[in-house]
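Student: fold the following.
(one chain, ligands or ions: 1)
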Amino acid sequence: MQKKVKRIGILTGGGDCPGLNAVIRGVTKPAMNDYGITVVGIQDGFEGFVEGRMRELTRLDIQGIVDKGGTILGTSNKGDPFHYPTETVNGIEIVDASARTLKHYKGWGLDCLIAIGGDGTMHISKKLGEMGMNIIGVPKTIDNDLDATDQTFGFDTAVSIASEAIDRLHTTASAHHRVMVLEVMGRYAGWIALAAGLSSGADIILIPEIPFKWEAIAERVIERSTQGNRYSIICVAEGAKAANEEIVIREKDIKRTDPVRFGGIGDYVARRIQEDTGLETRATVLGHLQRGGSPTSYDRILATRYGVRAVELAVNGEFGRMVSLKGTSVTSVTIAEAISKQRLIPTDGELVMTAKAVGTSFGE
Ligand code: F6P
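Tutor: Numbers count the residues shown, from 1 in each chain. Sure thing, here's the model as predicted:
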């Protein structure tokens with residue numbers, strides 16, 4: 001018979017995103033009120049789990065947090081227990097700290113762990129599950145690149161912030177007759193760039209899924225300017241790259257679960273456009289503004305639904321699964337399924353076709 005779940009551990013892993021607190025509340029309220037379960041909050045993602053930093057959450061902890069960005073638990077993208085960075089006299093050494101993590105899981109009497117995170121968190125969760133932990137995943141990331149769910153929470157907020165930024169760039173671009181380039185996040189996927197660019201009428205959208213050609217961008221910008229549109233707006237995903245060129249990255253950091261830190265394509269594109277066309281061009285990097293602040297009401301609701309469903313899975317003993325959105329329903333899939341591939345934009349999909357139909361160029 002399935003052992004009754006009495007203590008649930010919860011952590012937020014990887015980069016933060018708006019809606020994390022709504023999930024924590026969505027888990028903790030029904031856990032405490034309906035099922036008499038104690039929720040143990042693990043500090044700073046897997047880093048805190050490896051180090052055994054955790055405490056039982058109280059009603060006070062989850063009061064008034066549904067609309068708050070960030071995470072009351074803290075997070076980290078450097079604490080993979082299987083590749084744990086440790087300071088030694090010779091510098092940073094990467095060790096396997098998974099046994100230590102399992103010891104804390106048992107020591108705190110946890111019956112289950114709810115891991116809220118993106119693909120890095122889900123990969124780690126799958127391996128911890130194989131060591132004997134009962135895991136339930138909740139898909140988080142502004143990048144929206146997790147397969148097996150139609151949407152991750154945080155994405156809607158990031159898109160609305162990026163859309164507002166493009167709206168604002170429109171007015172200053174038209175006033176100065178400039179080309180404006182906005183770099184948005186998204187890692188290897190162009191979802192934020194495509195959605196924000198489409199919703200705010202960007203003239204050119206550059207995404208990793210469609211490598212671009214410099215000549216095509218210059219042609220479009222000049223065409224617009226000779227037709228009397230004396231400004232252009234370009235929304236570029238941080239992972240976008242020119243055909244036959246590499247992704248532009250800021251740095252590699254071995255302590256991170258994903259060592260690659262993106263950044264720089266916006267400046268690069270702006271410089272090239274100015275050189276190729278002679279038109280005055282400026283770049284803006286939206287950066288972490290996309291992840292900060294209040295979640296949209298859509299993300300608050302989705303995050304709450306995910307949290308509530310995650311507790312139901314725990315109570316029913318349905319471990320090794322990740323909650324997921326399919327159409328309009330919240331359901332669940334195996335974590336293995338969720339990490340089997342990255343969710344990229346289908347280049348012949350409806351969203352790309354819609355953007356093309358309204359005259360958007362992808363720099364092809
Ligand atoms: O995965 C979320 C994300 O915001 C990416 O879009 C971005 O590349 C990365 O995290 C930034 O990471 P950091 O906050 O560590 O700079």
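Student: need the contact list for the single nearest residue of the chain relative to the ligand.
Tutor: Proximity of the chain to the ligand (Cβ to the nearest ligand atom) peaks at residue 185, 3.1 Å away. The C-beta positions use only the backbone N, C-alpha and C, and glycine is treated the same way. Counting by Cβ atoms under 8 Å, 6 or more residues apart in numbering, residue 185 touches 142, 143, 158, 192, 237, 238, 262, 286, 287, 290, 291.
Student: inside strands: which ones of those?
Tutor: 237, 262 (DSSP state E).
Student: ok, of the contacts of residue 185, which come out buried?
Tutor: Among those, those buried by neighbour count (16 or more other Cβ atoms under 10 Å) are 142, 143, 158, 192, 237, 238, 262, 286, 290, 291.
Student: which one of those residues is nearest residue 211?
Tutor: Checking the buried ones among the contacts of residue 185 against residue 211 with Cβ to Cβ, the nearest one is residue 237 at 11.7 Å.
Student: near the ligand, from the contacts of residue 185?
Tutor: Among those, the residues that sit close to the ligand (Cβ under 6 Å from any ligand atom) are 142, 143, 238, 262, 291.
Student: state the distance from the second one to residue 153.
Tutor: Put plainly, it is residue 143. 12 Å (Cβ to Cβ, to the nearest Å).
Student: try the third one
Tutor: For residue 238, the distance to residue 153 (Cβ to Cβ) stands at 20 Å.
Student: which of the contacts of residue 185 sit farthest apart?
Tutor: Taking Cβ to Cβ as the measure, those span a maximum distance of 15.2 Å, between 237 and 291.
Student: Three-state assignment for residue 251, please.
Tutor: Assigned with DSSP: H, G, I helix; E, B strand; the rest coil, residue 251 falls in the strand class.
Student: contacting residues for residue 354?
Tutor: By Cβ under 8 Å, 6+ apart, the neighbours of residue 354 are residue 198.
Student: sorry, back to before: which one of the contacts of residue 185 sits closest to residue 249?
Tutor: residue 262 (5.7 Å).
Student: who's the closest one bridged to?
Tutor: Beta bridges link residue 262 to residue 249 when assigned by DSSP bridges.
Student: burial of the residue lying closest to residue 363 once chain neighbours are set aside, as a residue count?
Tutor: If the residues on either side of it in the chain are set aside, residue 363 comes closest to residue 212, at 3.1 Å by Cβ to Cβ, 6 or more residues apart in numbering. By the measure other Cβ atoms under 10 Å, the count of residues near residue 212 is 22.
Student: residues contacting residue 212?
Tutor: Counted by Cβ under 8 Å, 6+ apart, residue 212 has contacts 206, 240, 241, 242, 243, 362, 363, 364.
Student: any idea how far residue 99 is from it?
Tutor: Taking Cβ to Cβ, one finds residue 212 at 47 Å from residue 99.
Student: select only the buried ones of the contacts of residue 212 in ChimeraX?
Tutor: A single ChimeraX command is used to select the members of those judged buried by 16+ other Cβ under 10 Å:
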select :206,240,241,242,362,363
